[in-house]
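K.L.:
Dropping the sequence and predicted coords here.
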Amino acid sequence: MNLNKLLLALCMASAALPALAQSTAPPPPPAEPVVIPPVDRRDVRLPRYPSNDLEIGAYTGTYATENFGTSWVYGARVGYHLTEDFFVQAVYGQTKVSDESFRQILPGGVFGSPTQKLAYYNLSVGYNILPGEVFLFSSRARPSQLFLVGGVGSTKFVDQRKPTYNFGFGFRVFLTDYASLQLDLRDHIFSLDLLGKNQTTQNLELTAGLSFYF
């Protein structure tokens, strides 16, 4: 009987040894804190990128007035680019037209004086159809655009003010992000009553100009 009690006591003591060992084991070392290096924060100003939607330019070239020959024309334009494809443009131009060819046939000519001022303004809508690039030099390319344009306006010529339609096309090359060289060919259509009858005239204009964007 005493032997059985002794064996039972030995079994209970062996079962309690692991728990006792765990209770007497030293605790694990604490985790090292995360080191955050001291970094000086600085204020950064975000860059402002210009939209360059507003266009202001000047041009010069030739204006072929039907029945009265070709003369030098000059003018200015202001445009606004609504999207990458569409833009609106207001133009004012003027030239001096001569009736010298008629004076060789008709005494006194057609005009009251040898030359008469022709001035026009119009508001047009343009559409860029072929964006691309042009090589100005052997290793330098610049963006370019071919566009269609058309609109309405008014022309004053020999004391007559006539509604005018214009349409044509143009080509621009961007020399920088803020400037472009532009070529335009437009037809100004309006009626005149100078040669004894009222007729619709086709007046072609070919110009070159420089535009700046803001």
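P.N.:
Alright, I've got the coordinates. No experiment lies behind these values; they were computed from the predicted model shown.
K.L.:
these two touch, right, S180 and F171?
P.N.:
No: when contacts are counted by C-beta atoms under 8 Å, S180 is not listed as touching F171 (10.0 Å). Any C-beta I mention is one placed from the backbone N, CA and C, and that applies to glycine too.
K.L.:
Looking at the two, which is more packed in?
P.N.:
Looking at S180 and F171 with other C-beta atoms under 10 Å, you find the greater number of neighbours at S180, namely 21 against 15.
K.L.:
partner residues bridging the more buried one?
P.N.:
Here S180 sits in beta bridges with F174, S211, going by DSSP bridges.
K.L.:
need the contact list for it.
P.N.:
In this structure, S180 makes contact with 172-174, 210-211, 213, judged by C-beta atoms under 8 Å, 6 or more residues apart in numbering.
K.L.:
What ranges does the chain have for its helices?
P.N.:
2-24, 100-103 (DSSP state H).
K.L.:
Those helices: lowest mean pLDDT?
P.N.:
Between the helices of the chain, the lowest average pLDDT goes to helix 2-24, which shows a mean of 59.
K.L.:
So which elements touch the longest strand along the chain?
P.N.:
Taking residue count as the measure and DSSP state E as the definition, the longest strand of the chain comes out as strand 115-137. Here strand 115-137 touches strand 86-98, strand 140-157, strand 160-174, going by 3 or more C-beta pairs under 8 Å, 6 or more residues apart in numbering; DSSP states H and E.
K.L.:
What does the pLDDT read for Q94?
P.N.:
Listed pLDDT for Q94 reads 97.
K.L.:
ditto for A90
P.N.:
With respect to pLDDT, A90 has a value of 98.
K.L.:
Give the full set of residues in contact with G93.
P.N.:
So G93 contacts 59, 63, 73-76, 119-121, 205 (C-beta under 8 Å, 6+ apart).
K.L.:
In TSV: these, plus neighbour count and pLDDT.
P.N.:
Written out in TSV, the entries for the contacts of G93 read as follows (neighbours: other C-beta atoms under 10 Å; pLDDT from 0 to 100):
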residue	neighbour count	pLDDT
Y59	20	98
Y63	26	98
V73	22	98
Y74	15	98
G75	21	98
A76	13	98
A119	15	97
Y120	25	98
Y121	15	97
E205	23	98
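K.L.:
Sort out which one of those residues lies nearest D43 for me.
P.N.:
Of all the contacts of G93, the one with the least separation from D43 (C-beta to C-beta) is A76, at 42.8 Å.
K.L.:
List the residues that contact the closest one.
P.N.:
Contact analysis of A76 by C-beta under 8 Å, 6+ apart lists 56-59, 91-93.
K.L.:
Also L204?
P.N.:
Shown in contact with L204 (C-beta under 8 Å, 6+ apart): 63-64, 185-188.
K.L.:
and if you look at P143?
P.N.:
When contacts are counted by C-beta under 8 Å, 6+ apart, P143 touches 131-134, 173-174.
K.L.:
List the beta-bridge partners for it.
P.N.:
For P143, the beta-bridge partners are E133 (DSSP bridges).
K.L.:
Could you do G170 as well?
P.N.:
Beta-bridge pairing of G170, defined through DSSP bridges, involves F147, D184.
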